[in-house]
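Q: Got a predicted structure here, sequence first:
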Amino acid sequence: MLRFARRVVEQQATRQLALIDRWIAEEERREAERRQGEERRPPEPEWLIQYGLNRRNLDAVHVGGCWAARKSGRCRPATREQAIDALRQQVPACPHCRPDTALGVLD
């Protein structure tokens, strides 16, 4: 009877170890995918231009990491020249990130 009990415990332990090994392998795979995704993510743009609801009007100019730009969801990446040109055309600068100061374009 004791030999039978030992075999049962051994089989259960082997099964549980195999299950834990699968969990470890899955977590390692997920972590590798997450790291790979971070490495492949394009760099954050330096400047953003926020468009209006009709997608034609320009609403504001932002620095690339501005939280207000992310919150609006209506921004597109812009080059330094495009951002300066928009500011010169009286497109308002974001009051939070102050791109006009960062670009050296002050009224």
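A: Ah, there it is.

Q: in this structure, which spans are helices?
A: Remark: helices assigned in the chain by DSSP state H are 2-40, 67-72, 80-88, 99-103.

Q: Now do the same contact list for Val105.
A: By C-beta atoms under 8 Å, 6 or more residues apart in numbering, the residues touching Val105 are 84, 87-88. (Glycine included, C-beta is placed from N, CA and C.)

Q: Could you do Ala83 as well?
A: 47, 49, 61, 99, 103.

Q: out of the residues you listed, which is most surrounded?
A: Ranked by neighbour count (other C-beta atoms under 10 Å), the contacts of Ala83 have Val61 at the top, with 30 neighbours.

Q: Isn't that one up against Pro45?
A: No. Using C-beta atoms under 8 Å as the test, Val61 is too far from Pro45 to be in contact (12.0 Å).

Q: Could you tell me which residues touch both of these two?
A: Each of Ala78 lies in contact with both Val61 and Pro45 under the rule C-beta under 8 Å, 6+ apart.

Q: thought Ala78 was touching Gln50?
A: No. At 9.9 Å, Ala78 does not count as touching Gln50 under the criterion of C-beta under 8 Å.

Q: Touching both of these two, which residues are there?
A: With C-beta under 8 Å, 6+ apart, Ala78 and Gln50 have common neighbours Val61.

Q: and the helices of the chain as JSON lines, adding mean pLDDT and distance to Asn54?
A: Formatted as JSON lines, these follow (pLDDT from 0 to 100; distance: least, C-beta to C-beta, whole Å):
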{"stretch": "helix 2-40", "mean pLDDT": "96", "distance to Asn54": "33"}
{"stretch": "helix 67-72", "mean pLDDT": "86", "distance to Asn54": "14"}
{"stretch": "helix 80-88", "mean pLDDT": "92", "distance to Asn54": "17"}
{"stretch": "helix 99-103", "mean pLDDT": "87", "distance to Asn54": "23"}
